[in-house]
Each structure stands twice: as structure tokens, then as C-alpha cells.
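Novice: here's my sequence, what's the structure:
(chains A and B)
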Amino acid sequence: MEPTLENHGKQTGNPMTFKTVLNHPMFKKTAFLTAAAGCVLLPHIMTDTYYLGIINYMILYVILCMGLNLILGYAGLLSLGHAAFYGLGGYTTAILITRYGFGFLSCLILSGVIALVFGILLGLPTRKVRGDYFCLLTIAFGEIFRLVAQAWIGFTNGAMGIVGIPIPTILGWSIRTEVDFYYLGLILLGFTWLTLSLLVHSKFGRAFIAIREDELAASVMGINTAVYKIIVFGIGCFYAGLAGSYLAVYQTTVTPSNFRLEESCLMIIMVIVGGMGSLLAPIAGVIIMTLATEYFRGIAEYRMLIIGVIMVAVLLFRPQGIFGTSAFKG
Amino acid sequence: MSLLTADTIGKKFGGVIALKDVSLTVEKGEIVGMIGPNGSGKTTFINNLSGLYAPTSGRFMFNGEDITGLPAHVITGKGISRTFQNLRVFPNISVLENILIGLHCKISTSLWDVYAGVLKTRKVERQAREKAMAVLELADLAGRHDTLAKNLPYGKQRLLEICRAIVSDPHLLLLDEPCAGMNPVEMDDLAGFIRILQKKGITVFVIEHNMRFIMSVAERIIVLANGAKFQEGTPVEIQKDKKVQAIYLGEEGDL
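Specialist: A predicted model of the protein is given here:
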């Protein structure tokens, strides 16, 4: 049979191999439904709040890393200031809830929007500043954000941070327990995955990839590379804002030390270990890195060393990351 | 009215004069060739035309519209596509995705449609895929739409780059040394393919060093030397021209 779009992937008549089974739409559907059901039922199986707490942090990092992966893995822009957008979201929610009595849902949206706006502003220089220099700019932005949050005591309460963020309520659902936060995180994660998947499977996602692969050729394909780089940066930061908002209500505090350069680095490491340029791949990186950090909590001073070793090992033996696309094989 | 009129195009890089007063026209439906010794400004000329550089002087009129110095993505939208001398397919994505990126300027999806018009976007994407497959069919690449571009043989990658350029139905296709690195069989295939494109109504402007190829495919040839237009004529006239032979083809009998 002639391979066409219609029968592509179904591999009719071909011998059943591991790969054809994996690519079979029925298998994909079943796997997806099983995973979704597993996610929904998880808190009823794993009732230990300690483990559920770890999973909630994982969800938080998956949202952050999926946004970062859009910027880094799809468009190929290295941003080491992602924690700043995370922090913008966190502080937006913290300040609006504690001082101005905003509802959580509007805080969540505004946190995303503010991160988006700052993302667009920081994305503007991509027109002139390229590659490594842009990366330096993002580091600078991240540090400026943290220092401002630390120094502007009147607005952010300085190094003490903002404490006592009340229990959030969405449409009458008050989110108190770890289980509640798990479901809130799951909803946000679902939203992130759905919207990102719509984006990367449109001409926008292809344009981002084209910019990563060859910016000059991309411009000759009719892609306004300057505008698309700003769009991708803004959208990637939007999800960091959402994650920040989640962090604020989950932790009930935000402090400048939540949003240090180390956080940005950790996110980059998670994306690289999980695999760049594939939507769900960072999940693997998040799981490995969060488990490693938790497991070695007792020897906190050596934690970064262990994370470093894991990253070097991944880069040596699987440079594209655990589930990454071959673009990063090096 | 000519499809393309280049009027006294000049380009300086600092003190280096890369192009001086190059004027030429391309008529609709033609296959025009451009030859010239290394460094004579051929690639600079199409870089200026496709918007990668802005000319220092002169202007380009395309379909009656002044396109001088517009950015590359705008010029592509107006119907001028190109390929590169040193092959620039997107290596790590599939053949089909390469073609779909070539269709970028023809896909009307807005950012709003991506989220709010899911069904519309899906329909547009399906049509884009059909169109992309049709172009691959034309180049006999449809069977390999799933292959990563970098895994195609070199000649096929060249063909893919041309497909990526023509999928957006350009009025004018600029080919910068499409034969570089090809073997004679691949070259003949390419010549045939260019003629198919001409029949489909695409005007082709091709830069090439390979004389056998360019003389067989082009209907009119423009010779550049030292950044200026040196001669123009049919392949037969150019081959006979003693001055062209002197600057470019070397001694008589080399051909």
C-alpha cells in the first residue's frame, strides 16, 4: 500500500513490532486514557500527604518546564531568567490576594498575563541581541527581579517575603488540602498541555522550530522571525506566571529566595534531562530531578553535586535527553 | 509589464563594490540563467532581491510594485521564493514538516484561531498537509515524507529545498546553484523538474556554474562580471561570445 497521510502510522499489513504497536492510534488512545485516569485517581491510591506534596511540586515544575521547553526546546532561545517570570506570577498573586482582596481565579489569570507582558518586553531585544548575549540578558533580568523583590520593602516586604496568603477559592471550591492542591495543579497542567499542544501543532509551532533550526532560512520562508521570537518568549513566560500563582497559594508565602538563579538553572536542567523539543518530555526530567533532590535532602550540601552528576551523565549518554527529539543529539 | 525589473542595482559593503548598476528584467514564465566567475556578485544579487540585504542604490520592481529593501519575510509573502547555495533545509525535522514551513505565508491561522478556532485551524492544517503531499508527489518524495530531512541523500535534500520554496506557489523562484554537489544523473532530473515548474507557471531565475546544466535549462542567460552586467543573450549566443569566453569560459575548446 502506498504510504499516504491517511494510513500513515496505522502500518496496515506490516508485521507487529514494538514500534508499530507504540505508534498505533489505538495504543496511543488507550495509553492516554489510562494515564489520565491514573492521574485523576492518584490521590486516592497514594494517600500519604508527604508523597502527594512532592507530586504537587512536580506538577508545578512540569508547568514551568513545559513553558521553558517552548522557549528553549522549540524556538532554541536559552533563557536563564525563567524564575523571574515564575516570581512575577507569585508576587502578583500574593500581593493582589493579601492586600487588595482579589479572588484566586482573577489572580491566576493576572499572574499569567503579567508574566506574559514582561516576557514580551524582555523578548523585544531578541531582534538585536542574539544567542549567548540574549542569555546574559535573561540572567540579568532574573537577578534584577530578585534584587528588586528583596530591596523594595514597601511593596514586596523585602527578604521576609509575603506571608499569610489565604486559602484560595475557585467558584465555591476552597482549596485546602494536599488533595485539593493536587487537583488544582492537575487542572493547570491539563490547561498548559492542551494550549501548548494546540500551539506547537499549528503554523506557530513550526515557525518556532524553523527559527531554532535555521533563522535565516526561516525568514526566507516568510516567517517574521523577530515577531515570532517575541511571541514564543511571551507565551513561555505566561505559564511561569501561572506556576508562580500556584506556588503562592500552595506555599502560602513567597520570598525572593524562591526565585533565585538556581531555580532557573534547575528548570533548564530538568528540561535538558527530560528532553528538549518534545512537549511531554520535560516530565521525565522533573520526576528524576525532584526525586533526586528529595532523596538526598539529608545531605543538602551535596545535592547540587549529585544533580550535576546526573546532568553530565545524561549529556554524555543521551545528549538529546531521555525523551528528546533527535535535533539535540549534538 | 515584466514580472521583475531590476533597475541599476548597486550594493557596497564598506569600500567593496559588490554590485554596480545591474539592470535586468525577467518576463513571466521564463527560465533565466545567471552565470559569472566566482565573486562576480551573483549570490549578492539574489540576496538583495530576496530581502536578505538591502541594495545601496537602484530598485526592484516586482509585479509593478517597488519591493526594494523590504524584509525577507515580506518579499516571500509577495511571491518570491528562493533556495540557498549551501543547502539550508531544516535538518532535524521531517520532510513533510519542512514543506509545511514553506507554506507558512499561505496559512492564514492567527494566534487567536489556534486557541479559539480549533476546528478551523484543523481544517486549514489538513489542507496544508494535502498541498504539501501533492508537492512531494511532484518531486517523487512523497514516500519519504516521514524521514528526517538530514537523512535524505544529498540530491534529494536539494530537491526538498526546491519543493519547500515552491509549495507557497511563488511567482518567481530563485535558485542559487542548485546543482552544486550533484552527479550528472541528478542534474538531468533537476533540469526536468525545473521544466515541470515552468509548465506550472513558475518563473525561474537560476544561478549556476555548471555550463552543461545552465545551457540546457535556461532560455536566456545573463553574465555578471565584477559586479556588473557583462552580457545577455540566448545560451547559443553566450556560448559563441568571445568576450564571455575570455572572462569566464577560458580558451576556446574548453567547453
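Novice: show me where chain B has helices.
Specialist: Along chain B, counting by DSSP state H, helices occupy B:42-49, B:72-77, B:95-102, B:111-116, B:118-138, B:154-166, B:184-199, B:211-217, B:235-240, B:242-244.
Novice: nearest to chain A, of those?
Specialist: Nearest to chain A among these is helix B:72-77; the distance by Cβ to the nearest Cβ comes to 3.8 Å. (Glycine included, C-beta is placed from N, CA and C.)
Novice: hmm, who's touching that closest one?
Specialist: Here helix B:72-77 makes contact (Cβ atoms under 8 Å, 6 or more residues apart in numbering or on different chains) with A:219-225, B:49-52, B:67, B:105, B:168, B:170.
Novice: any buried residues in it, and which?
Specialist: Within helix B:72-77, the residues scored as buried using 16 or more other Cβ atoms under 10 Å in any protein chain shown are B:72, B:73, B:75, B:76, B:77.
Novice: what's the average pLDDT for it?
Specialist: Averaging pLDDT along helix B:72-77 gives 95.
Novice: coming back round to it: for residue A:168, find the nearest of the helices of chain B.
Specialist: Judged by Cβ to Cβ, the one of those that comes nearest to residue A:168 is helix B:111-116, at 24.7 Å.
Novice: make JSON lines from the buried residues of helix B:72-77 and add distance to residue A:44 to it.
Specialist: Output for the buried residues of helix B:72-77, formatted as JSON lines (distance: Cβ to Cβ, whole Å):
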{"residue": "B:72", "distance to residue A:44": "56"}
{"residue": "B:73", "distance to residue A:44": "52"}
{"residue": "B:75", "distance to residue A:44": "59"}
{"residue": "B:76", "distance to residue A:44": "55"}
{"residue": "B:77", "distance to residue A:44": "54"}
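Novice: show the model's pLDDT score for residue A:328.
Specialist: At residue A:328, pLDDT is 70.
Novice: how about the residues of the stretch 51-200 of chain A by chain B?
Specialist: Residues of the stretch 51-200 of chain A lying near chain B by Cβ under 8 Å from any Cβ of the partner chain: A:195, A:198, A:199.
Novice: most neighbours, which of those?
Specialist: residue A:199 (21 neighbours; other Cβ atoms under 10 Å in any protein chain shown).
Novice: helix or strand: which one has that one?
Specialist: helix A:178-200 (DSSP states H and E).
Novice: circling back to that earlier point, any chance of TSV for the residues of the stretch 51-200 of chain A next to chain B, columns distance to residue A:45 and pLDDT?
Specialist: Below are those laid out as TSV (distance: Cβ to Cβ, whole Å; pLDDT from 0 to 100):
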residue	distance to residue A:45	pLDDT
A:195	28	96
A:198	31	94
A:199	33	95
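Novice: what's the closest of the residues you listed to residue A:74?
Specialist: Checking these against residue A:74 by Cβ to Cβ gives residue A:199 as the nearest, at 9.0 Å.
Novice: hmm, back to that, tell me which of the helices of chain B is the most buried.
Specialist: The highest mean neighbour count among the helices of chain B, using mean count of other Cβ atoms under 10 Å in any protein chain shown, belongs to helix B:95-102: a mean of 26.
Novice: what's in contact with it?
Specialist: Where contact means Cβ under 8 Å, 6+ apart, the residues beyond helix B:95-102 that reach it are A:203, A:206-207, A:209-210, A:218, A:221, A:223, B:81, B:89-90, B:93, B:128-129, B:132-133, B:135-136, B:141, B:144-149, B:152, B:160, B:163-168.
Novice: what is the burial count for the closest residue to chain A within the stretch 101-250 of chain B?
Specialist: Closest contact between the stretch 101-250 of chain B and chain A, by Cβ to the nearest Cβ, is at residue B:105 (3.1 Å). For residue B:105, the count of nearby residues is 20 (other Cβ under 10 Å).
Novice: correct me, but it touches residue B:167?
Specialist: No - counting by Cβ atoms under 8 Å, residue B:105 does not reach residue B:167; the two are 10.3 Å apart.
Novice: any weak-confidence spans in the stretch 151-300 of chain A?
Specialist: The stretch 151-300 of chain A contains no residues with pLDDT under 70.
Novice: can you map out the helices along it?
Specialist: Assigned by DSSP state H, counting those that start in this stretch, the helices in the stretch 151-300 of chain A fall at A:153-156, A:178-200, A:203-213, A:215-220, A:225-251, A:261-274, A:282-295.
Novice: can you pull the pLDDT of residue B:105?
Specialist: 90.
Novice: please report how far the residue lying closest to residue B:25 once chain neighbours are set aside lies from residue B:203.
Specialist: Distance criterion Cβ to Cβ, 6 or more residues apart in numbering or on different chains; nearest residue to residue B:25, sequence neighbours excluded, is residue B:2 at 4.1 Å. In this view, residue B:2 and residue B:203 are 10 Å apart by Cβ to Cβ, to the nearest Å.
Novice: neighbour-wise, which of the two wins?
Specialist: Set residue B:2 next to residue B:203 and count neighbours by other Cβ under 10 Å: residue B:203 wins out with 23 against 16.
Novice: quick one: the more buried one and residue B:28 touch, right?
Specialist: Yes - the pair residue B:203 and residue B:28 passes the contact test of Cβ under 8 Å, sitting 5.7 Å apart.
Novice: any common contacting residues for those two?
Specialist: B:3, B:171.
Novice: centroid-nearest residue for chain B?
Specialist: residue B:174 (1.8 Å; Cα atoms, centre = their mean).
Novice: and the pLDDT for residue B:243?
Specialist: pLDDT, residue B:243: 85.
Novice: what of residue B:97?
Specialist: Value for residue B:97, per-residue pLDDT: 94.
Novice: what of residue B:2?
Specialist: For residue B:2, pLDDT reads 89.
Novice: now swap in residue A:6 and tell me
Specialist: 48.
Novice: and for the one 5 residues further on?
Specialist: Confidence per residue is given as pLDDT, and for residue A:11 that number is 44.
Novice: likewise residue B:235?
Specialist: 91.
Novice: what about it, distance to residue B:31?
Specialist: 11 Å.
Novice: identify the contacts common to those two.
Specialist: B:218, B:219.
Novice: what's the helix-or-strand element of chain B with minimal mean pLDDT in contact with?
Specialist: Each helix and strand of chain B was given a mean pLDDT (mean pLDDT, DSSP states H and E); the minimum falls on helix B:242-244 at a mean of 84. Helix B:242-244 is contacted by residues B:223, B:230, B:231, B:238 when judged by Cβ under 8 Å, 6+ apart.
Novice: name the residues linked to the closest residue to the second one other than its chain neighbours by a beta bridge.
Specialist: What it means is residue B:230. Distances taken as Cβ to Cβ, 6+ apart place residue B:223 nearest to residue B:230, at 4.5 Å, with adjacent residues excluded. With DSSP bridges as the criterion, residue B:223 is bridged to residue B:35, residue B:231.
Novice: for residue B:223, list the residues it contacts.
Specialist: B:34, B:35, B:36, B:229, B:230, B:231, B:232, B:238, B:244, B:247, B:248.
Novice: which one (most neighbours) among the residues you listed?
Specialist: Going by other Cβ under 10 Å, residue B:34 tops these with 28 neighbours.
Novice: mind checking pLDDT for the residue nearest to residue B:230?
Specialist: pLDDT, residue B:223: 92.
Novice: now residue B:38
Specialist: Note for residue B:38: predicted pLDDT of 86.
Novice: distance of it relative to residue B:225?
Specialist: Applying Cβ to Cβ, the value for residue B:38 to residue B:225 is 11 Å.
Novice: what's near enough to touch residue 180?
Specialist: Looking at chain A here, since you left the chain open. Per Cβ under 8 Å, 6+ apart, neighbours of residue A:180: A:173, A:174.
Novice: the chain in question should be chain B.
Specialist: B:85, B:86, B:87, B:209.
Novice: residue B:9 - nearest residue in space that isn't next to it in sequence?
Specialist: Residue B:9's closest residue in space is residue B:58 (Cβ to Cβ, 6+ apart), at 3.9 Å.
Novice: wouldn't that neighbour be in contact with residue B:7 here?
Specialist: Yes - applying Cβ under 8 Å as the test, residue B:58 and residue B:7 come out as touching, 5.4 Å apart.
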